[in-house]
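Undergrad: predicted coordinates and the sequence they were generated for:
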Amino acid sequence: WNQIKDYENNNKYSLYFLLTRNLVLSDEELKDLMEYVQQGNDLFIAADYVDVRLLQDLNCHEDRTAGILDETKGTMHQTQVRMATDDSASEPRYSYFYFPFLNSLSGFDTSFARVLGLNEKGQPDYVVFFSGKGRIYLDVAPRTFGNYFLLSGINYHYFEKVMSYLRTDPSNIYWDEFYKNTHVDSRHNRGDDSTDFSSLNVINQNPPLRWAFWLALLGMLIFLVFNLKRKQRLIPVIKPNLNTTVNFTETVGRLYLQKGNNRHIAEKMITYFFEYVRNKYFIGTSNPNEEFLHHLAGKSGRHPEEIRKLVDLIAFVQGHDKISDEKLLELNMEIEKFYKIKS
């Protein structure tokens, strides 16, 4: 359209040809076509299917159901078209053997339109509409412009008569084949056999769908940007090491306690106590005499009498083969009391 919008500067009209099987227009294309005609130019359209919105602008309806059904069934016969004249008996018929010419136009206002041609049933299939300063010639039998029809009998005269209704001496003639390879789906959307779906034609022709597409694309882009940063993996929880020594001691203690051998339990307690003293205070425990008592009381910060009581109790246990539960409990309490010293 950018190449033909020079019609506003023309002193004479321009003629625009659209010959296609299916004519489906976008909103912008429909607007430009109607503006082109209203400026005083002529538009010739020959199409089997005409965009419904264009027909609505012309207050017209196309009936093509019967033709589609007959073509689907494969019904062929000697079909014909003719020009609309006052003396229909003398008007020749232009025919050939093929699918019938059944498409027709109806519902238009005869004050702004004139019937120029009829199909085989005598229904209008070629009509001129007057819009603004221009004209729209609408022919719903585009097969009449094919070689098979024009080369049959005298059918070439039909083309001459169709063209004879056009105004003469246009300043420009435009032949448009843009819609030549288009097809129509069940929803009357346009597709193009020369391009695939990657051209995004359907999306671009539907504003809501176009907005949804771009919003989805923007959302994916934002998602990718925010996920480019490296995500730190979850740090596994490290369980603290179990004090197996305490568990072992408790287990051994339970074994001795179940056997009722208090002497063995006491010996173990004394052994662990002396080991604790050696490791913590660096005092020898082979001979727990007065010197041992004096050094342990000084380094541990306990009163010498308390240390003496513990040492005497250890000596008592080591000097007897049998230890009562009371003595064992007393020994345990004294040792636990010593362990609680903060030094």
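TA: Arrived safely, thanks for sending. Residues are numbered from 1 along each chain as shown.
Undergrad: how about low-confidence regions in the stretch 101-250 of the chain?
TA: Applying pLDDT under 70 to the stretch 101-250 of the chain flags residues 181-206, 228-234, 241-250.
Undergrad: which stretches of it form strands?
TA: For the stretch 101-250 of the chain, the strands defined by DSSP state E, counting those that start in this stretch occupy 104-106, 113-118, 124-131, 134-139, 172-176, 182-184, 190-192.
Undergrad: who wins for proximity to residue 27 among those strands?
TA: For these, proximity to residue 27 was assessed by Cβ to Cβ; strand 190-192 is nearest, at 12.2 Å. Any C-beta I mention is one placed from the backbone N, CA and C, and that applies to glycine too.
Undergrad: give me the number of residues near residue 177?
TA: 10 (other Cβ atoms under 10 Å).
Undergrad: so what's residue 95 closest to, chain neighbours aside?
TA: residue 80 (3.5 Å; Cβ to Cβ, 6 or more residues apart in numbering).
Undergrad: so the one you found is in which element?
TA: Taking DSSP states H and E as the criterion, residue 80 maps to strand 77-83.
Undergrad: got the contact list for that strand?
TA: 88, 91-101, 116-120, 125-126, 141, 144, 158, 161-162 (Cβ atoms under 8 Å, 6 or more residues apart in numbering).
Undergrad: now, these that are in helices?
TA: Using DSSP state H, 158, 161, 162 are the members of these that sit in helices.
Undergrad: ok, those residues vs residue 18, which is closest?
TA: Using Cβ to Cβ, the ones in helices among the contacts of strand 77-83 come closest to residue 18 at residue 162, 14.2 Å.
Undergrad: contact partners for the closest one?
TA: Residue 162 neighbours (Cβ under 8 Å, 6+ apart): 83, 116, 117, 126, 139, 144.
Undergrad: how much space separates it from residue 261?
TA: Residue 162 is 126 Å from residue 261, where distance means Cβ to Cβ, to the nearest Å.
Undergrad: just residue 291 next, same as before
TA: Taking Cβ to Cβ, one finds residue 291 at 33 Å from residue 261.
Undergrad: residue 36 too?
TA: In this view, residue 36 and residue 261 are 116 Å apart by Cβ to Cβ.
Undergrad: same deal with residue 144?
TA: Distance check for residue 144 against residue 261: by Cβ to Cβ, it reads 122 Å.
Undergrad: the two: who's more crowded?
TA: Shown here are residue 144 and residue 261; by other Cβ under 10 Å, residue 144 has more neighbours (20 against 14).
Undergrad: from memory that one sits against residue 158, does it?
TA: Yes: under the criterion of Cβ atoms under 8 Å, residue 144 makes contact with residue 158 at 6.1 Å.
Undergrad: what do those two both touch?
TA: Common neighbours of residue 144 and residue 158 (Cβ under 8 Å, 6+ apart) are 81, 94, 150.
Undergrad: now the last one: closest residue in space that isn't a chain neighbour?
TA: Yep, that's residue 150 we're talking about. residue 156 is the one closest to residue 150 (Cβ to Cβ, 6+ apart), at 5.1 Å.
Undergrad: returning to what we had before: what's the angle from the strand holding residue 80 to strand 124-131?
TA: 30 degrees (axes from the mean of the first three to the mean of the last three Cα atoms, to 10 degrees).
Undergrad: for strand 77-83, what is the distance to the chain centroid?
TA: 52 Å (Cα atoms, centre = their mean, to the nearest Å).
Undergrad: residue most distant from the centroid, the protein?
TA: In the chain, the greatest distance from the average C-alpha position (Cα atoms, centre = their mean) is reached by residue 290, at 89.3 Å.
Undergrad: residue 129 reaches residue 111, doesn't it?
TA: No: contact between residue 129 and residue 111 fails when scored by Cβ under 8 Å: they sit 10.8 Å apart.
Undergrad: who's more crowded, the two?
TA: Using other Cβ under 10 Å, the more surrounded residue of residue 129 and residue 111 is residue 129, with 21 against 7.
Undergrad: ok, now which ones touch that one?
TA: 58, 60, 108, 112, 113, 135, 136, 137, 138 are the contacts of residue 129 under Cβ under 8 Å, 6+ apart.
Undergrad: what segments of this structure are helices?
TA: Going by DSSP H, the chain shows helices at 27-38, 52-57, 65-73, 147-150, 156-164, 201-204, 207-226, 244-259, 262-281, 290-300, 304-318, 325-339.
Undergrad: any chance of CSV for those, columns distance to residue 178?
TA: Formatted as CSV, the helices of the chain follow (distance: least, Cβ to Cβ, whole Å):
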stretch, distance to residue 178
helix 27-38, 9
helix 52-57, 15
helix 65-73, 24
helix 147-150, 22
helix 156-164, 22
helix 201-204, 12
helix 207-226, 21
helix 244-259, 86
helix 262-281, 98
helix 290-300, 105
helix 304-318, 110
helix 325-339, 99
